[in-house]
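In: Give me coordinates for this.
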Amino acid sequence: MIFSGCKKSAIEEATEPEPVVSLSEEFMFDNTVYTKSLDELARLVAFGMKDKEFRIFIKQQAEKQIDGDYDVIYEFTKDKAVKGKSTLEDYLHHIAGVYFGKSGKVDKLISNVKNFQISVPVNCESWDAENYEPLVTYIPESFDEKTFKFVKAYDSQGHVYVLPLDKEPDRPVIVLGSCERMDRVRRGKPVPPGDDAGTGNYHPPIDTTGWNNGGGNGGSTPRVREDGMTEYLSWIKIENLSVIEPWVQGKPELGVYYVLPFYRDHNIVQALKIDFEKNRNFKLSRASLENGSFVWVPLFKWDWKYGDFYVLRWYETDRIGKYITYNFFYSDDYYYVGYGFISFYYLLTARSWDVLFSETAVRNTDLYKTIYKNYIPSVLISNVKGAKENGVKTKDCKILWRLSYK
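Out: As a prediction, this is how the structure comes out:
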């Protein structure tokens with residue numbers, strides 16, 4: 001792909017991609033009805049980006065984050081007004097009549113894409129919708145985040161672009177596809193990010209005094225965890241986020257496994273899982289995760305029977321793939337008084353498409369200002385009898401995080 005130099009536009013100092021004359025065979029995606037429908041919808045929505053009112057509508061609806069991300073879910077927005085009394089459904093019919101010559105064609109295309117959505121996964125908040133026309137791309141049915149390197153995009157003039165997945169765009173891009181979180185949205189009225197009223201999960205904001213330079217939280221946290229204290233995730237940052245979740249898919253769905261090696265049933269240690277998508281205190285955008293953000297998410301309460309430490313492991317999931325039970329071996333080169341050097345096996349159940357990060361030991365004497373780091377192991381051998389890592393860590397993607405306790 002060829003990029004031109006920087007030029008003046010709605011987002012200053014941004015690199016503007018140039019259209020390609022033709023696409024090689026590697027960019028010709030599958031010919032399924034789903035993918036072909038999305039391709040036509042992408043060209044149609046890109047054509048509509050000429051219209052300022054349409055751009056403003058998409059930006060405003062995306063910023064509501066009704067599913068926790070910058071998604072405009074067609075089922076819930078088709079009856080909302082775009083221009084005057086003209087709804088989104090009306091507007092798409094209108095431009096389909098101009099672009100395709102058949103206004104009703106858009107209904108068939110949308111019906112071929114289950115849970116159709118229009119997303120702005122990157123740079124939505126900085127989008128100057130009154131002046132800037134973003135490119136429009138889509139996620140084909142055969143999309144595989146592990147092997148795909150590019151996606152195809154269109155501008156309002158119908159020109160074709162190829163956008164790399166390993167480099168997050170510095171401009172807003174519209175992405176068409178299916179809503180991954182549709183079932184959760186349908187179960188009840190979505191709560192906007194940051195609004196914890198009635199969830200039962202709200203905790204007072206953490207005192208971040210002195211944290212900018214690696215300090216503590218004003219000295220209010222004791223130096224050693226004590227029985228009955230609650231462990232909290234208090235800060236997180238992800239470097240090179242696109243390695244685990246390409247920008248076209250929006251923000252990642254994260255969670256942790258924690259292992260309490262001295263709290264076991266018949267000598268079997270089972271990893272316990274916390275899904276942060278279910279916690280309304282963990283509604284972070286891609287930008288927040290990449291820049292580092294304070295959060296306040298409870299993990300569990302300390303108990304004397306847990307011993308002096310636990311093991312924590314991050315994961316990212318797309319909620320697809322079969323479930324696999326791994327049997328991991330953990331050894332610690334830290335000497336625990338009364339225990340010596342610790343090593344043990346533990347069971348962990350995850351989906352085959354989940355990304356599992358490396359492990360970290362959290363000791364009850366670790367200070368609240370400790371910054372923990374987890375990498376993606378370069379090779380994970382799936383074996384129910386004894387999954388293991390090859391010990392080589394890649395620094396392509398890294399999670400940095402802090403804990404607090406009170």
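
In: how close does the residue nearest the centre of the chain get to residue 282?
Out: In the chain, the residue lying closest to the centroid (Cα atoms, centre = their mean) is residue 252, at 1.5 Å. In this view, residue 252 and residue 282 are 11 Å apart by Cβ to Cβ, to the nearest Å. Quick note: C-beta positions are derived from backbone N, CA and C, even for glycine.

In: swap in residue 350?
Out: Look at residue 350 and residue 282: by Cβ to Cβ, they are 19 Å apart.

In: where does this protein dip in pLDDT?
Out: Scanning the chain for pLDDT under 70 picks out 1-29, 181-223, 263-267, 280-281, 334-340, 377-396.

In: Using the record's domain definitions, break it down for me.
Out: 3-182, 211-405 (automatic domain parsing).

In: chain center to the shortest one: distance?
Out: Think domain 3-182. Here the centre of domain 3-182 is set off from its chain's centre by 19 Å, with Cα atoms, centre = their mean, to the nearest Å.

In: Quick check, residue 140 in contact with residue 35.
Out: Yes - between residue 140 and residue 35 there is a contact under Cβ atoms under 8 Å: 4.3 Å.

In: Which strands and helices lie in contact with the top helix by length along the chain?
Out: Using DSSP state H to define each element, the chain has its longest helix at helix 33-48. With contacts taken as 3 or more Cβ pairs under 8 Å, 6 or more residues apart in numbering; DSSP states H and E, helix 33-48 sits against helix 88-99, helix 105-111, strand 135-138, strand 150-154, strand 173-178.

In: Those into CSV, with extra columns for mean neighbour count and distance to residue 119?
Out: Below are those laid out as CSV (neighbours: other Cβ atoms under 10 Å; distance: least, Cβ to Cβ, whole Å):
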stretch, mean neighbour count, distance to residue 119
helix 88-99, 18, 14
helix 105-111, 16, 15
strand 135-138, 26, 10
strand 150-154, 21, 13
strand 173-178, 24, 5
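
In: For residue 362, which of those is the nearest?
Out: Distance to residue 362, taken as Cβ to Cβ, is lowest for strand 173-178 among the helices and strands packed on helix 33-48, at 36.6 Å.

In: Strand 150-154 and that closest one, what's the angle between them?
Out: Angle between the axes of strand 173-178 and strand 150-154 is 110 degrees (criterion: axes from the mean of the first three to the mean of the last three Cα atoms, to 10 degrees).

In: Which other helices and strands does strand 173-178 contact?
Out: helix 33-48, strand 116-122, strand 135-138.

In: Show me what secondary structure element comes after the longest one.
Out: This points to helix 33-48. Next helix or strand after helix 33-48 toward the C-terminus (DSSP states H and E): helix 52-62.

In: is it true that residue 177 touches residue 119?
Out: Yes - with contact defined as Cβ under 8 Å, residue 177 counts as touching residue 119 (6.9 Å).

In: joint contacts of these two?
Out: Counting by Cβ atoms under 8 Å, 6 or more residues apart in numbering, residue 177 and residue 119 have no common neighbour.

In: Now for residue 230: which residues touch it?
Out: 298, 299, 300, 301, 302, 405, 406.

In: Please repeat the previous calculation with a cut-off of 6 Å.
Out: Applying Cβ atoms under 6 Å, 6 or more residues apart in numbering, we find residue 230 in contact with 298, 301.

In: same deal with residue 343?
Out: Residue 343 touches residue 331, counting by Cβ under 6 Å, 6+ apart.

In: coming back round to it: got the helices and strands packed on helix 33-48 as CSV, with distance to residue 161 columns?
Out: Converted to CSV, the helices and strands packed on helix 33-48 look like this (distance: least, Cβ to Cβ, whole Å):
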stretch, distance to residue 161
helix 88-99, 18
helix 105-111, 21
strand 135-138, 6
strand 150-154, 4
strand 173-178, 10
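
In: among the ones you listed, which is nearest residue 39?
Out: strand 135-138 (6.7 Å).

In: so residue 178 makes contact with residue 115?
Out: Yes - using Cβ atoms under 6 Å, residue 178 makes contact with residue 115 at a distance of 4.6 Å.

In: can I assume residue 271 is in contact with residue 256?
Out: No - judged on Cβ under 6 Å, residue 271 makes no contact with residue 256 at a distance of 9.4 Å.

In: Please report how far residue 173 lies from residue 154.
Out: 11 Å.
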